[in-house]
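*Asks:* sequence and predicted structure, then a few things I'm wondering about:
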Amino acid sequence: LDRSNALNSALQIELTRLRTDELLSRRNGNASVLATYKASADTAQAAVLAYKRDTSLVSTQQLDTLSENIEQFKLQKADAQVRAASLTSTVEQLQSFLSVSVEEASSAMKLLTDPIFQSLLHVKSEAQAELVERRAVWGSKHPKVKHAQSRVSEATYALLERAARTTGINEDTKLDQLALANDENRSEMFNTLIKTSVEKRSLIIEIEQYDTLIAEMEDKLQDISKRAAELESLETAHQAATAIYISAAAKSDLGQSDIFASYPMTQMLVPPLLPGKPEVLKKVFALVGAAIGSVFIVMSLVVAWKRYVLIQKISKRK
């Protein structure tokens, strides 16, 4: 019993020593491998960070964001072009109806807000009214008629001089066409023409800005596309190195936790036991055994003797 227990104890001590030794060897080996994998992951991460710092590219999502912005600006440009076309049509219709250009309409509005011009216009209107009254009474060569004509001419000259100084217009017929003091509807249409023209010019400038902005962003998109491809390659390498390191670390932790991997756990099938009392062979069994043994011995002697006699007979025949 003591010998059996001693053998089992020695076996368990040796297995524990072997398991501990293997665990230390495995831990040292895994530490070296993990250090290599971690260095690879750190190197890949440093490459990604350095590339982002040098190129000012944070992530590949910037490429998608830039593409979306370009498409958005293109839609806004198309909408501005549609509105500009509509305003162009309105301006052309107003110009055709009023028989004036946008510049002339702008000059008319300047004259409408010029108090000196309006005062001179009022003077001319009074002179023309006076001329009409006097022509109705006297002939064209009457002094009063000539005086009224002189007033009209002086007022017209003063109006042309003021208009030329204010707007550059020096034609009497054109000046009459642009006089808006007594025609509110025509004045409102002139105002609409100017506002519509301003909106049109504003949209044209906006479209040109869209063209410039879209061209710049498309150039930037091409540049970022190349950088994004390189960044994606670096990030893929970093992810792969990180995944390898994490997988190796998980396997290392799992291997270190399993101390029975190479040397499984042992269990005693039947523990050694002491008998309850000494085992004694019965006398009957002893006598039977002795008798059987005696028979076997006698048979053995007879066979041996007969063998000797047979060998002698065979020798004599030869």
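*Replies:* Arrived safely. Residues are numbered from 1 along each chain as shown.
*Asks:* list the contacts for residue 299?
*Replies:* By CB atoms under 8 Å, 6 or more residues apart in numbering, residue 299 lies in contact with nothing. All C-beta spots, glycine's among them, are computed from the backbone N, C-alpha and C.
*Asks:* before we move on, what about residue 17?
*Replies:* Taking CB under 8 Å, 6+ apart, we find residue 17 in contact with no residue.
*Asks:* just residue 106 next, same as before
*Replies:* Residue 106 neighbours (CB under 8 Å, 6+ apart): residue 194.
*Asks:* let's verify it: helix, strand, or coil?
*Replies:* Of the three states, residue 106 takes helix under DSSP: H, G, I helix; E, B strand; the rest coil.
*Asks:* could you measure it against residue 204, distance?
*Replies:* 17 Å (CB to CB, to the nearest Å).
*Asks:* next one: residue 191
*Replies:* Distance from residue 191 to residue 204, by CB to CB: 20 Å.
*Asks:* now do residue 265
*Replies:* Counting by CB to CB - residue 265 and residue 204 are separated by 87 Å.
*Asks:* those two: who's more crowded?
*Replies:* Higher neighbour count among residue 265 and residue 204: residue 204, with 15 against 8, using other CB atoms under 10 Å.
*Asks:* ok, and the closest non-adjacent residue to the more buried one?
*Replies:* In this structure, residue 204 finds its nearest non-sequential neighbour in residue 84, 6.0 Å apart by CB to CB, 6 or more residues apart in numbering.
*Asks:* can you check residue 249 too?
*Replies:* The nearest residue in space to residue 249 (CB to CB, 6+ apart) is residue 34, at 5.9 Å.
*Asks:* how about residue 268, phi and psi?
*Replies:* Backbone torsions of residue 268, given as degrees, to the nearest 10, read phi -70, psi 120.
*Asks:* using the three-state scheme, assign the nearest residue to it once chain neighbours are set aside.
*Replies:* Among residues not flanking residue 268 along the chain, residue 8 sits closest, at 6.2 Å (CB to CB, 6+ apart). Of the three states, residue 8 takes helix under three-state DSSP.
*Asks:* I'd say residue 8 and residue 269 touch.
*Replies:* No: applying CB atoms under 8 Å as the test, residue 8 and residue 269 come out as separate, 11.1 Å apart.
*Asks:* okay, the two: which has more neighbours?
*Replies:* Set side by side, residue 8 and residue 269 show more neighbours around residue 8, with 14 against 5, by other CB under 10 Å.
*Asks:* tell me the contacts of residue 70?
*Replies:* 214, 217, 218, 221.
*Asks:* kindly state the pLDDT recorded for it?
*Replies:* Residue 70 is assigned 87 on the pLDDT scale.
*Asks:* do residue 108 as well
*Replies:* Looking at residue 108, its pLDDT reads 69.
*Asks:* flag every buried residue along whatever helix or strand residue 295 lives in.
*Replies:* Here residue 295, judged by DSSP states H and E, is contained in helix 283-317. Using 16 or more other CB atoms under 10 Å as the test for burial, helix 283-317 gives no buried residues.
*Asks:* mind checking how far it is from the chain centre?
*Replies:* 104 Å (CA atoms, centre = their mean, to the nearest Å).
*Asks:* same question for stretch 116-131.
*Replies:* In terms of CA atoms, centre = their mean, the gap separating the centre of stretch 116-131 from the centre of its chain is 71 Å.
*Asks:* before we move on, the earlier item: how much space between the residue nearest to residue 268 and residue 267?
*Replies:* On the measure of CB to CB, residue 8 and residue 267 end up 10 Å apart.
*Asks:* can you check residue 7 too?
*Replies:* Counting by CB to CB - residue 7 and residue 267 are separated by 15 Å.
*Asks:* can you list the buried residues in stretch 192-209?
*Replies:* 193, 194, 196, 197, 199, 200, 203, 206, 207.
*Asks:* how about the secondary structure of the third one?
*Replies:* Under the three-state scheme (three-state DSSP), the conformation of residue 196 reads as helix.
*Asks:* residues contacting it?
*Replies:* Applying CB under 8 Å, 6+ apart, the residues contacting residue 196 are 87, 90, 91, 94.
*Asks:* for it, give its distance to residue 24.
*Replies:* 89 Å.
*Asks:* repeat for the last one
*Replies:* Using CB to CB, residue 207 is found at 76 Å from residue 24.
*Asks:* show the subsequent helix or strand relative to the host helix or strand of residue 16.
*Replies:* Assigned by DSSP H and E, residue 16 falls within helix 2-55. Once helix 2-55 ends, the next helix or strand along the chain (criterion: DSSP H and E) is helix 61-98.
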